[in-house]
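Asks: this one's sequence-less:
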Ligand code: DX5
Ligand code: ZN
């Protein structure tokens, strides 16, 4: 794919140093990151616990970057709207966690946010076929959700391609977000496959120099911009 489109680099704070989160975020802002990815985990939908509404609220005041709240929680419909109110510009919910997806997506939009649908690595793209028209973006998990620093699952590249085709065939503007195991070695391939928003945690905050790491990832995508 050689078309011109907007590629967003979205650092995931999961791998950041939480004792100086403000400085970590300022570093990736300087590097040209365009979205801040915040992983919300409840210890139920995934075997890990992270942050929630108060942290999103504080971050929204501390950065001008739009916040993408990736909800890895059971019953996301109970909380999705509150994340928009707390300051998240984008809120994404897992299809595996929500039998009332349409209602949840609408609640995010009515609150003024952008609504995203998330697919675990082996959840078929066909599951979101019907939801595509209601979603602003689809987040493809390229690792199993719950932890940073895992290895990219190569089969998800073809999944991104199929999803891209599905979106284009329907004439939709739904964007594709990809999350998990992205680094310098594979970022060009995921963008070529059709991803627009690239989440990276350990490849940015797991390095000694988050600013430089984020800049390098961004520079690796400039041929598409
Ligand atoms: C995993 C999270 C990711 C995580 C990615 O469940 O959704 O956002 O932070 O981390 P890396 O880039 O290290 O795989
Ligand atoms: Zn995430």
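Replies: Good, I have the coordinates. Keep in mind the model is a prediction, meaning the values are calculated, not measured. Ligands and ions are numbered 1, 2, ... in the order given.
Asks: just the helices in the chain please.
Replies: Using DSSP state H, the helices of the chain run over residues 21-30, 53-62, 80-86, 101-110, 156-169, 187-193, 202-205, 210-219.
Asks: is the first one anywhere near ligand 1?
Replies: No - among the residues of helix 21-30, none lie within reach of ligand 1 under CB under 6 Å from any ligand atom; the closest is 12.9 Å away. Placement of C-beta: from N, CA and C, glycine included.
Asks: what about that helix, distance to the chain center?
Replies: Distance, stretch centre to chain centre, for helix 21-30: 18 Å (CA atoms, centre = their mean, to the nearest Å).
Asks: The fourth one too?
Replies: In terms of CA atoms, centre = their mean, the centre of helix 101-110 is found 18 Å from the chain centre.
Asks: re the thing from before, arrange the helices of the chain in TSV, one row each, with mean neighbour count, distance to residue 122 and mean pLDDT as further columns.
Replies: Putting the helices of the chain into TSV (neighbours: other CB atoms under 10 Å; distance: least, CB to CB, whole Å; pLDDT from 0 to 100) gives the following:
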stretch	mean neighbour count	distance to residue 122	mean pLDDT
helix 21-30	18	31	97
helix 53-62	16	29	97
helix 80-86	21	24	98
helix 101-110	19	18	98
helix 156-169	17	9	98
helix 187-193	19	17	97
helix 202-205	25	22	98
helix 210-219	20	26	98
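Asks: Adding distance to residue 45, write those helices out as TSV.
Replies: As requested, the helices of the chain are exported to TSV (distance: least, CB to CB, whole Å):
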stretch	distance to residue 45
helix 21-30	24
helix 53-62	16
helix 80-86	13
helix 101-110	14
helix 156-169	19
helix 187-193	24
helix 202-205	21
helix 210-219	28
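Asks: which bits of the chain sit near ligand 1?
Replies: Counting by CB under 6 Å from any ligand atom, the chain sits next to ligand 1 at 12, 14-15, 37, 39, 70, 143, 145-150, 179-182, 199-203.
Asks: Out of the helices of the chain, which gets nearest to residue 116?
Replies: Proximity to residue 116, assessed across the helices of the chain by CB to CB, is greatest for helix 101-110 (8.1 Å).
Asks: circling back to that earlier point, from the residues of the chain next to ligand 1, keep the buried residues only.
Replies: Of the members of the residues of the chain next to ligand 1, the ones counted as buried by neighbours, 16 or more other CB atoms under 10 Å, are 12, 14-15, 37, 39, 70, 143, 145-148, 179-182, 199-203.
Asks: For the closest residue to residue 102 other than its chain neighbours, give me the pLDDT.
Replies: Nearest non-adjacent residue to residue 102, counting by CB to CB, 6 or more residues apart in numbering: residue 134, 6.1 Å away. pLDDT, residue 134: 98.
Asks: Next: residue 5.
Replies: Looking at residue 5, its pLDDT reads 83.
Asks: For it, the count of nearby residues, please.
Replies: 11 (other CB atoms under 10 Å).
Asks: Ok, the one 3 residues further on next?
Replies: Neighbours of residue 8 under the rule other CB under 10 Å: 21.
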